[in-house]
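K.L.:
Okay, structure incoming, though there's no sequence with it:
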């Protein structure tokens, strides 16, 4: 059997300026929607252990499932070549489990995942500025203290695969093929359980709320209205009007986006990047390499310090600039614009100064964790579901463990 | 009573932060572009000199980045200035009403 290709094949003929610009646009959408939807991976996971709510975690599973479905179908129908889907699959090993555990713990302590840290920092939350700075320091600590050892285990294959790409592509692992049929079947094997589980978790939580609120189910009125064709009753008419009012309020930024609406837009954003970047660059959403590593390097450049000349990891893992740079900058611009236009923007300094120290230390752990895991909750976990790999499952498991530990620690603080 | 409430809302001063924030965003965009042009281009040259091709970015890519950043900068600056003027007018109006 022939070895699958490892040569990228562009889908569109684009200039680099267009690619950078489109990645910037996707970053803007990501920041805007995450801010309006208050989308946070960490909140989704902590609520499982604190309020026993699976609503937001269900939305996360939906996000992963919809992403896998979208990218998988585009690949299965030949719109995007399979190589562009698996080319950037990372290595897998002990470091993903350990790193995601550290990341989950640190982020839950600091009060935000990589995505929410950036949009909250752009909305004026000082604690998240401190977390961001802590993350940069954590990245440096990782680079000098952990990376040399980790890269040795990766090269030697100690509890690690020794290459990524098609080796970690689920269609290849399951069917020893990257054909359209193999991708098609794998897409449904990955996406359907995630989507069904997500819907079930949300339904279960709403059902429980409905019972505890005496039958009145909170949630999206439009979804309930969809299931009732025929002559509208007064209740249906009022729910229709309410839906119209909700849409108007969301467009005028008077009301935040619902969790599921944000989920769908974010999944479409990932699919957009997957399509426009295919064959050129890492065609998925990514945050962490820029905000933790690259921006720390950038801050030091005007001082005449070039980390890329002599520091491990900085000198072999991080191009000076790539489309994710503009994506992260525009993420901050998008989040700032959304918070400013909706009137949410305000410099917020926590009254309890202990929160700042915890934010910094948590940020450091986030920096160490995401670098060990080779990516964050966006660039590795969410992305990997779109890549039809298995690293996302490992990351999800480790992150849940870290968040659980942080919840227990916070209960004792 | 309702009239008084309305008058109170009208008399409330427009927050200064809302006036300054778009200006800071515009300045950030300009600084970011200048930084990219000066320091990132310089860093790429150093990477080439040291033959470190793991981090070196090809001239086409770097030029594409600079071009996209320049356009983004124009958009952010123009939109930022529009919001700045709008905020400034609202701020002056609110001051006059409160007088």
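P.N.:
Yep, that arrived. Note that the coordinates shown come from a computational prediction; the quantities given were computed from them, not determined experimentally.
K.L.:
Count the neighbours of the residue in the stretch 151-300 of chain A that chain B sits nearest to for me.
P.N.:
When distances are taken as C-beta to the nearest C-beta, the stretch 151-300 of chain A reaches nearest to chain B at residue A:298, 7.2 Å away. Using the backbone N, CA and C atoms, a C-beta is placed for each residue, glycine as well. The local packing of residue A:298 (other C-beta atoms under 10 Å in any protein chain shown) involves 20 other residues.
K.L.:
now for the helix or strand containing it, which elements pack on it?
P.N.:
When secondary structure is defined using DSSP states H and E, the element that contains residue A:298 is helix A:295-300. With contacts defined as 3 or more C-beta pairs under 8 Å, 6 or more residues apart in numbering or on different chains; DSSP states H and E, the packing partners of helix A:295-300 are helix A:126-141, helix A:307-310.
K.L.:
nearest to chain B, of the ones you listed?
P.N.:
Proximity to chain B (C-beta to the nearest C-beta) singles out helix A:307-310 among the helices and strands packed on helix A:295-300, at 5.2 Å.
K.L.:
Quick one: name the residues of chain B near chain A.
P.N.:
Taking C-beta under 8 Å from any C-beta of the partner chain, the part of chain B that reaches chain A is made up of B:17-18, B:21-22, B:25, B:29, B:32, B:35-36, B:39-40, B:42-44, B:46-47, B:50, B:52, B:54-57, B:60-65, B:67-69, B:71-72, B:76, B:83.
K.L.:
Among those, which lie within helices?
P.N.:
Using DSSP state H to define helices, the subset of these located there is B:17-18, B:21-22, B:25, B:29, B:32, B:35, B:42-44, B:46-47, B:60-65, B:67-69, B:71-72, B:76, B:83.
K.L.:
List the single closest residue to whichever residue of chain B sits closest to chain A in space, sequence neighbours excluded.
P.N.:
When scored by C-beta to the nearest C-beta, chain B has residue B:64 as its residue closest to chain A, at 2.4 Å. Leaving aside its sequence neighbours, residue B:64 sits nearest to residue A:16 (C-beta to C-beta, 6 or more residues apart in numbering or on different chains; 2.4 Å).
K.L.:
Who are the contact partners of that neighbour?
P.N.:
Residues near residue A:16 by C-beta atoms under 8 Å, 6 or more residues apart in numbering or on different chains: A:280, B:60, B:61, B:63, B:64, B:65, B:67, B:68.
K.L.:
Any chance you could list what contacts the helix holding residue A:298?
P.N.:
With C-beta under 8 Å, 6+ apart as the contact definition, helix A:295-300 has outside contacts at A:136-137, A:139-140, A:306-308, A:314, A:318, A:328, B:35, B:39-40.
K.L.:
and that helix, which residues are buried?
P.N.:
Within helix A:295-300, the residues that qualify as buried are A:295, A:296, A:297, A:298, counting by 16 or more other C-beta atoms under 10 Å in any protein chain shown.
K.L.:
any idea how far the last one is from residue A:400?
P.N.:
Put plainly, it is residue A:298. Computed as C-beta to C-beta, to the nearest Å, the residue A:298 to residue A:400 distance reads 33 Å.
K.L.:
quick revisit: turn the helices and strands packed on helix A:295-300 into JSON lines, including distance to chain B, mean pLDDT and mean neighbour count.
P.N.:
As requested, the helices and strands packed on helix A:295-300 are exported to JSON lines (distance: least, C-beta to the nearest C-beta, whole Å; pLDDT from 0 to 100; neighbours: other C-beta atoms under 10 Å in any protein chain shown):
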{"stretch": "helix A:126-141", "distance to chain B": "14", "mean pLDDT": "93", "mean neighbour count": "24"}
{"stretch": "helix A:307-310", "distance to chain B": "5", "mean pLDDT": "90", "mean neighbour count": "18"}
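K.L.:
Let me have the ones you listed in a markdown table, extended by distance to residue A:82.
P.N.:
Formatted as a markdown table, the helices and strands packed on helix A:295-300 follow (distance: least, C-beta to C-beta, whole Å):
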| stretch | distance to residue A:82 |
| --- | --- |
| helix A:126-141 | 33 |
| helix A:307-310 | 33 |
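K.L.:
for chain A, what's the longest helix?
P.N.:
helix A:180-212.
K.L.:
Return the list of helices and strands in contact with it.
P.N.:
Helix A:180-212 is packed against helix A:55-76, helix A:170-175, with contacts defined by 3+ C-beta pairs under 8 Å, 6+ apart.
K.L.:
Kindly compare burial across those and name the winner.
P.N.:
Highest mean neighbour count among those (mean count of other C-beta atoms under 10 Å in any protein chain shown): helix A:55-76, with a mean of 24.
K.L.:
Mind checking the pLDDT average for that one?
P.N.:
Mean pLDDT, taken over the full extent of helix A:55-76, equals 96.
K.L.:
How about stretch A:401-413?
P.N.:
Mean pLDDT, taken over the full extent of stretch A:401-413, equals 92.
K.L.:
Can you point out the buried residues in it?
P.N.:
Of the residues in stretch A:401-413, those scored as buried under the neighbour-count criterion (16+ other C-beta under 10 Å) are A:402, A:403, A:404, A:405, A:406, A:407.
K.L.:
Mind telling me what element the residue nearest to the fourth one when sequence neighbours are not counted is part of?
P.N.:
With C-beta to C-beta, 6+ apart as the criterion, residue A:405 has its nearest non-adjacent residue at 5.4 Å, and that residue is residue A:105. If you go by DSSP H and E, residue A:105 is part of helix A:94-110.
K.L.:
same for that helix, what does it pack against?
P.N.:
helix A:41-49, helix A:114-122, helix A:126-141, helix A:147-156, helix A:354-372, helix A:391-412.
K.L.:
Pull the residues that contact the longest one.
P.N.:
This means helix A:391-412. Helix A:391-412 is touched from outside by A:41-42, A:45-46, A:48-50, A:64, A:89-90, A:92, A:96-109, A:168, A:369, A:373-375, A:377, A:380-385, with contacts defined as C-beta under 8 Å, 6+ apart.
K.L.:
Also stretch A:147-161?
P.N.:
Under the criterion C-beta under 8 Å, 6+ apart, residues A:91-95, A:162, A:167-168, A:312-313, A:317, A:371-372 lie in contact with stretch A:147-161.
K.L.:
cool, stretch A:26-38 as well?
P.N.:
Contacts of stretch A:26-38 with the rest of the structure, by C-beta under 8 Å, 6+ apart, involve A:39-40, A:115-116, A:118-119, A:122-123, A:250, A:253, A:256-259, A:261-263, A:265-266, A:269, A:272-273, A:276, A:285, A:326-339, A:342, A:344.
K.L.:
Tell me the pLDDT of residue 79.
P.N.:
Because you didn't say which chain, this covers chain A. Checking the pLDDT column for residue A:79, the value is 95.
K.L.:
I was after chain B.
P.N.:
93.
K.L.:
residues near it, how many?
P.N.:
Using other C-beta under 10 Å as the criterion, residue B:79 is surrounded by 16 other residues.
K.L.:
and if you look at residue A:158?
P.N.:
Around residue A:158 sit 12 other residues, with neighbours defined as other C-beta under 10 Å.
K.L.:
For residue A:106, give its distance to residue A:97.
P.N.:
15 Å.
K.L.:
More neighbours: these two, which one.
P.N.:
In this view residue A:106 and residue A:97 are compared by other C-beta under 10 Å, and residue A:106 has more residues nearby, 27 against 20.
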